[in-house]
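# how does the following fold in three dimensions:
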Amino acid sequence: MKIGLVLASLVLSTTAAYAQAPGDYYDDGEVSPPGMAPTVAPEPPPPPVRQQRWSIGLNVGSMSVAPHMQPENPTEFSVGQLALRYRPWRHLEIELALGGGREQLEDGTEGDRELSSSVLALRYRFNPQRPWNMWLMAGMGSFAVASQWASDEEKQAAVQSTLQFGVGLERRWSHFALQIELRAVGVAPNEETPDMPIREPIGTNNTMSTEPPKEPYPTTTTTQDGWKGGQTTIGASYYF
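Numbering: from 1, shown residues only. Next up, the predicted model:
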């Protein structure tokens, strides 16, 4: 009788210990056979590469440019820029940026000159898949500075070609991003604009004219000469 009780106690203790062994259950609750390791779930795949290759951005900032012949006489402009971008390759991105701005005088008021530009650029992004990424850019396009009262013909005559190079830094989330960009701006002289004729002085050859003085031709070195300077902008982009 005592031997039977001892055997029963050993069987019960062995069964309880086996039932409490950690990791010996299948996912459906069945007990795994002795000696088999528990099933390990596979690791999840890495997050997919961001597929949003299109983006639209709005930038604001300032531009300081001076005529090539008068580098000590810069002009400040407040600028705004709308950009459409497409990244057909992993690191290369195409950007079309349309911008404009108004002259800012030293006393803080606005001048009467306006700036307009359109630039097609190529960007090289170093880390396009990371939250923080930077790029180098190079672009070319059109650049014009004219009076806000100028006619369409005068504004068209003021258009000059431009080359721009820059560097930028971006903080991106899923679809939204913030950026800052610095650009060097070079504008070629407008060689197609004809030279203004020179008016003969009034009252030559010992003759006096009764006509009132006429307004001088609107000659300006910035129309004939090129520009050089820089631009700083901050902006936001939406990826889709």
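
# how about the strands in the protein?
For the chain, the strands defined by DSSP state E cover 54-67, 75-86, 92-104, 110-125, 132-147, 159-172, 176-187, 227-239.

# and those strands as CSV, adding mean pLDDT and distance to Pro42?
Where C-beta positions appear, they are placed from N, C-alpha and C, glycine not excepted. CSV is the format used below for the strands of the chain (pLDDT from 0 to 100; distance: least, C-beta to C-beta, whole Å):
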stretch, mean pLDDT, distance to Pro42
strand 54-67, 96, 34
strand 75-86, 97, 36
strand 92-104, 97, 35
strand 110-125, 96, 32
strand 132-147, 96, 31
strand 159-172, 97, 30
strand 176-187, 97, 33
strand 227-239, 97, 31
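
# let's have the ones you listed in a markdown table, adding mean neighbour count and distance to Glu153.
Converted to a markdown table, the strands of the chain look like this (neighbours: other C-beta atoms under 10 Å; distance: least, C-beta to C-beta, whole Å):
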| stretch | mean neighbour count | distance to Glu153 |
| --- | --- | --- |
| strand 54-67 | 18 | 22 |
| strand 75-86 | 17 | 22 |
| strand 92-104 | 18 | 19 |
| strand 110-125 | 17 | 15 |
| strand 132-147 | 18 | 10 |
| strand 159-172 | 18 | 11 |
| strand 176-187 | 18 | 20 |
| strand 227-239 | 18 | 21 |
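
# residues contacting Pro189?
His68, Gln160, Gln224, Asp225, Gly226 (C-beta atoms under 8 Å, 6 or more residues apart in numbering).

# ramachandran coordinates for it?
Main-chain torsions, Pro189, degrees, to the nearest 10: phi -60, psi 150.

# what does the pLDDT read for it?
On the pLDDT scale, Pro189 is placed at 91.

# report the separation between it and Gln179.
According to C-beta to C-beta, to the nearest Å, Pro189 stands 32 Å off from Gln179.

# so which of the contacts of Pro189 is the closest to Thr233?
Gln160 (20.6 Å; C-beta to C-beta).

# reformat the strands of the chain as TSV; add distance to Glu43.
Output for these, formatted as TSV (distance: least, C-beta to C-beta, whole Å):
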stretch	distance to Glu43
strand 54-67	32
strand 75-86	34
strand 92-104	32
strand 110-125	29
strand 132-147	26
strand 159-172	26
strand 176-187	29
strand 227-239	28
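
# select from the contacts of Pro189 the one having the most neighbours.
Within the contacts of Pro189, most neighbours by other C-beta atoms under 10 Å means Gln160, with 23 neighbours.

# how about Asn59, nearest residue that isn't a chain neighbour?
Gly235 (3.2 Å; C-beta to C-beta, 6 or more residues apart in numbering).

# next up, the contacts around the one you found.
Contacts of Gly235 by C-beta under 8 Å, 6+ apart are Gly57, Leu58, Asn59, Val60, Gly61, Gln81, Ala83, Leu178, Gln179, Ile180, Glu181.

# and what of Gln179?
Here Gln179 is in contact with Gly57, Asn59, Gly168, Leu169, Glu170, Arg171, Ile234, Gly235, Ala236, Ser237 (C-beta under 8 Å, 6+ apart).

# now the fifth one, nearest residue through space, not along the chain?
Leaving aside its sequence neighbours, Glu170 sits nearest to Gln179 (C-beta to C-beta, 6+ apart; 4.2 Å).

# how close does that neighbour sit to Gly108?
Applying C-beta to C-beta, the value for Gln179 to Gly108 is 27 Å.
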